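> Whatever this is, show me its structure:
(chains A and B)
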Amino acid sequence: MSVVPAVPVQLLQPDGRRVLDRAHSDVVADVGPERLRKLYEDMVVSRRIDTEATALQRQGELGLWAPLLGQEAAQVGSAHALHPDDYVFPSYREHAVAYCRGVDPAVLTRLWRGVAHSGWDPDAVNMTNPAIVVGSQGLHATGYAWASHLDGAEIATVVYFGDGATSQGDIAEAMVFAASWGAPVVFFCQNNQWAISEPVRLQSVTPLATRAAGFGIPAVQVDGNDVLGVLAVTRQAVARTREGGGPSFVEAITYRMGPHTTADDPTRYRTAAETEQWKARDPIDRMRRLLEREGLFDAEFEARVQSKSDEVAARLRSATLELPDPEPDALFDHVYATPHPLLEVQRREHARYLSTLAPSTPEQEVR
Amino acid sequence: MKLTMAAALNAGLRRALEHDPKVVVMGEDVGKLGGVFRVTDALQKDFGDNRVIDTPLAESGIVGTAFGMALRGYRPVCEIQFDGFVYPAFDQIVSQVAKIHYRTEGRVTVPITLRIPFGGGIGSVEHHSESPEAYFAHTAGLRVVTPSHPVDAYTMIQQAISLDDPVVFLEPKRRYWDKAEVDLDAPPDYPLDRARVMRSGNDATLVAYGTMVATALAAADIAESEGHSLEVIDLRSLAPLDFDAIEESVLRTGRLVVVHEAPGYLGIGAEIAARITERCFYQLEAPVLRVTGFDIPYPPSKLEALHLPDPDRILSAVDRALAA
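Okay, here's the model as predicted:
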C-alpha cells in the first residue's frame, strides 16, 4: 500500500521556476510550448467565465453562482489529463472542467439562472450536470466506472468533490465499492480549505489523502495551484485505472479565493491575511511566470488570450440574457420517461386554469 | 405450475435476465445465498457474478452505484434487504433516482427497479416490518407498485424492469410463501399501473394492496356469510394510482373502505379518501373509511397483531359504512 508522501507533488513553484522531480516531470515531458500556452489560456478563460458569471449574479441576472476563483489549476490541469471518452462526474464548482470538456459557455448559466435544473447533454461531453447534494456523485461515478469495466471499455471515470464532501457517507461508500470492485475511478478531491465557513480541520484531523489508504486506495497529494503538477498526478491516476489498477485518490491542495457561493460572506469566518497568503500562490500568475521565464509569453500571445476571454465572456453574457423563461407547461415535462395518467390530468387542469385568467396588458408585459 | 410468490419473483427475474443483457441484479447476499428470502436463488450461479452482484453492505452505495450503472445503459434491479434498511439510501432514491429525468430535461433515464420486502406480520424484530410506501409514492418521478399474489409477482417484476422509469417494487414479505398457479408463458400484458378487481360485490368496496389484499378477501368471505356482498380491489400500483377503477366501483356500491398496514396519517388511504370524495361526493352513501396501522412506530412483534388490520377490524368499518 502506498503511503502518502510527506510533501505534496509540485512541478512549478509560485515564482514560476520548475521543480526537479523526475518521477513526475517525466509524465509531462511531452507538454511543449503550445500545450503550456493552452493550459494558461484555459485557466485565464475559466477565470473570466467565473468573473462574468459572478457579475451577472450581482446584476440580478443569476439566482446564484458558485465561484471557482483560485481553483483554475486544479480543474484545468486535471481536465487536460482526460480523454474525450473518459467520463466526468463534477460537483457544482467545476466550471473550468466543463469548459475544458467542451461545454458551450452559453449553457453554463442555465441552472444558475433558474430556467432549468441542468445545462448540457451529459453524453455530448461525457460529463454529468452539477451535483448539488454534496458527495452524491461519488457513487454515481463508481457505478459508471464499474459499468464501463463490464463493457470492456478502456476509459477512466473521474469524480470531483471537495474537502467537505469527504465527510459524507456517500464518498466513504463510494470508496468502499470502488475498492471492493476494483472500479476504474479516480477520486479527485479539491481541498480548497473551506466548506462554506468550516475549515478542513473540522472535517478531518488527518490529511484527506491519508483517508484513502484505509479503503485500500492509493492516494497522492499535489499542489493544486500548480497546473503541471496536477496534470502529472492526474495522468498517473488515470493511466493506472485504464490499465486495470483500480481506483485512485488525488488530493489537490488549493484555495477557494472567493465565497462559497455569491450568497456567502467569507469575511465572517476567515482573515484577509490568509487570503493574501494564498494570493501569492495564484495558479495563473505562477503559470505566467513560467511562460515568461521560458520565453513563451509576449504581447501577441497576451492579446490573443485576452481576446479569447472577451469573446467567451461576451458569449456567456449575451446567451444568459437571451435565455428564454420556460413555458408554464414545462412544469410538467419530463417528470417521468413514460406516460403518467395522473400528471397529465394535472397538466391539463393547470392549462385550463391559466386560460381562465385575464390576458396581461401590454404594460404588464413590459414590466 | 404452482409457485410461491418468492419463486414467481425468481422466475420473473430469471426471465428479465435472459431477455435483456443489460439487466443486472445487485444487493446484499443476492449471490450464493440467493437473498435472505431466496428470491434471487441460483441466479448468480446461472448468470455469473457480473450479472448478479453481491454488493458491500451499504444501501446508499447500492442505489447510488446502480444509478451510475444506469447512466451507462444498464437496468439495475437492486434488492434492499428489508423495508427498515432503505432509509440510508433515501437521498439517492429521492434526490437522484427520482429526479434525474426531470433535472436533465429528459436527457437521462435511470430504469432502476428497487425491490423492497415490506410489511409486517412475520414476528420479526424491529426495522423488519415497515411500510414505507407513502414516502416513495409522495416523491414525483418514482413509480411504486406491489403485487399481492404470485401471478402478479411474476409479471409485474418483468414489467417494472423493462419500464424506463425507476420503480419502487414492494414485495409483501408475509405473502412470499403463499402459492398459486402461475403460467410462466403468459405474456405480461395487464398494465402495470392498473388496479384489478379481485372479487365483485355490490354493497361496499374494499381497496387494499400488497399483504392486505388477502386479508380483505378473507373479510369479504366472512361478510358474504353474513349476507353482505363486498367488492375487493387490489391497487397493484400506488404511484400512479388507478382512481378510475375505484371510482367505477364506488359509483355502484356507494361505500368505500381503504385498508393498509402503514399508519393512516397522510397515508395512501388519505389520498384515496380525498380524491374519491372529490369525484363521488354525491354518490357516496357513507364517508370513506380507513382501516390502517396505528400512528405509531412499528410495535414489538407480540403486539403486531393488534396493529395490523385483520378481517374483524375491516368488517367493523364495513358495518359502520353500511349503517350510514
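> Show me the strands in the stretch 51-200 of chain A, by range?
Taking DSSP state E, counting those that start in this stretch as the criterion, the stretch 51-200 of chain A carries its strands at A:87-89, A:157-162, A:185-191, A:194-195, A:198-199.
> Mind putting the ones you listed into JSON lines with mean neighbour count and distance to residue B:93?
Backbone N, C-alpha and C define where each C-beta goes, glycine included. Output for these, formatted as JSON lines (neighbours: other C-beta atoms under 10 Å in any protein chain shown; distance: least, C-beta to C-beta, whole Å):
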{"stretch": "strand A:87-89", "mean neighbour count": "29", "distance to residue B:93": "18"}
{"stretch": "strand A:157-162", "mean neighbour count": "29", "distance to residue B:93": "20"}
{"stretch": "strand A:185-191", "mean neighbour count": "29", "distance to residue B:93": "22"}
{"stretch": "strand A:194-195", "mean neighbour count": "21", "distance to residue B:93": "25"}
{"stretch": "strand A:198-199", "mean neighbour count": "14", "distance to residue B:93": "27"}
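> Which of these sits closest to residue A:351?
With C-beta to C-beta, the closest approach to residue A:351 among these belongs to strand A:87-89: 36.9 Å.
> So which elements touch the closest one?
With contacts defined as 3 or more C-beta pairs under 8 Å, 6 or more residues apart in numbering or on different chains; DSSP states H and E, strand A:87-89 has these neighbours: helix A:136-150, strand A:157-162.
> Can you name the residues that contact the residue nearest to residue B:42 when sequence neighbours are not counted?
Nearest residue to residue B:42, sequence neighbours excluded (C-beta to C-beta, 6 or more residues apart in numbering or on different chains): residue B:34, at 6.4 Å. If a contact means C-beta atoms under 8 Å, 6 or more residues apart in numbering or on different chains, then residue B:34 has B:40, B:41, B:42, B:43, B:44 as its contacts.
> What about those residues, which are in strands?
Using DSSP state E, no member of the contacts of residue B:34 falls in strands.
> Show me which of those is closest to residue A:246.
Comparing the contacts of residue B:34 against residue A:246 with C-beta to C-beta places residue B:44 closest, at 22.4 Å.
> Give the pairing partners of the longest strand along chain B; include direction for each.
As assigned by DSSP E, the longest strand anywhere in chain B is strand B:256-263. Sheet pairing for strand B:256-263, assigned by DSSP bridges, gives strand B:204-208 (parallel), strand B:289-293 (parallel).
> Which phi and psi values does residue B:104 adopt?
Main-chain torsions, residue B:104, degrees, to the nearest 10: phi -100, psi 20.
> so what's residue B:196 bridging to?
Judged by DSSP bridges, the bridge partners of residue B:196 are residue B:234.
> Around it, how many other residues sit close by?
Residues contacting residue B:196 under the criterion other C-beta atoms under 10 Å in any protein chain shown number 18.
> per-residue pLDDT, the closest residue in space to residue A:293 that isn't next to it in sequence?
Distances taken as C-beta to C-beta, 6+ apart place residue A:16 nearest to residue A:293, at 5.1 Å, with adjacent residues excluded. Looking at residue A:16, its pLDDT is 95.
> mind checking how far residue A:16 is from residue A:255?
According to C-beta to C-beta, to the nearest Å, residue A:16 and residue A:255 sit 18 Å apart.
> List the residues that contact residue 188.
Using chain A here. By C-beta under 8 Å, 6+ apart, residue A:188 lies in contact with A:78, A:158, A:159, A:160, A:161, A:234, A:237, A:250, A:252.
> ah, no, chain B please
Going by C-beta under 8 Å, 6+ apart, residue B:188 touches B:154, B:155, B:156, B:158, B:159.
> My reading is that the fourth one is in a helix; is that accurate?
The reference is to residue B:158. Yes - membership of residue B:158 in a helix is supported by DSSP: H, G, I helix; E, B strand; the rest coil.
> So residue A:66 sits against residue A:93, correct?
Yes - using C-beta atoms under 8 Å, residue A:66 is in contact with residue A:93, at 4.8 Å.
> which stretches of the stretch 151-300 of chain B form helices?
All helices of the stretch 151-300 of chain B, identified by DSSP state H, counting those that start in this stretch, fall at B:211-225, B:243-253, B:268-280.
> Identify the residues contacting the strand or helix carrying residue B:322?
Using DSSP states H and E, residue B:322 sits within helix B:311-323. Residues outside helix B:311-323 that contact it (C-beta under 8 Å, 6+ apart): B:203-204, B:206, B:215-216, B:218-219, B:222-223, B:228, B:230, B:255-257, B:259, B:285-287, B:289-291.
> Make a PyMOL selection of the buried ones in these.
A single PyMOL command suffices to select whichever of the contacts of helix B:311-323 are buried according to 16 or more other C-beta atoms under 10 Å in any protein chain shown:
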select buried, chain B and resi 203+204+206+215+216+219+223+228+230+255+256+257+259+286+289+290+291
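> Tell me the residues of the stretch 101-250 of chain B that contact chain A?
B:101-109, B:111, B:140-141, B:143, B:163-165, B:193, B:240-241, B:243 (C-beta under 8 Å from any C-beta of the partner chain).
> ok, of the residues you listed, which come out buried?
The neighbour-count test (16+ other C-beta under 10 Å) marks B:101-105, B:107-109, B:111, B:141, B:143, B:163, B:165, B:193, B:240-241, B:243 as buried among these.
> Next step: those restricted to strands.
residue B:143.
> Chain B contacts on the stretch 201-350 of chain A?
A:333, A:334, A:335, A:336, A:337, A:338, A:340, A:341, A:342, A:343.
> ok, the last one - contacts?
Put plainly, it is residue A:343. Counting by C-beta under 8 Å, 6+ apart, residue A:343 touches A:332, A:335, A:336, B:140, B:240.
> surely the fourth one meets residue B:97?
No - between residue B:140 and residue B:97 no contact is recorded; they are 11.8 Å apart, counting by C-beta under 8 Å.
> Tell me where the stretch 51-200 of chain A has helices.
With helices called from DSSP H, counting those that start in this stretch, the stretch 51-200 of chain A shows them at A:72-79, A:95-101, A:110-113, A:122-125, A:136-150, A:169-181, A:200-203.
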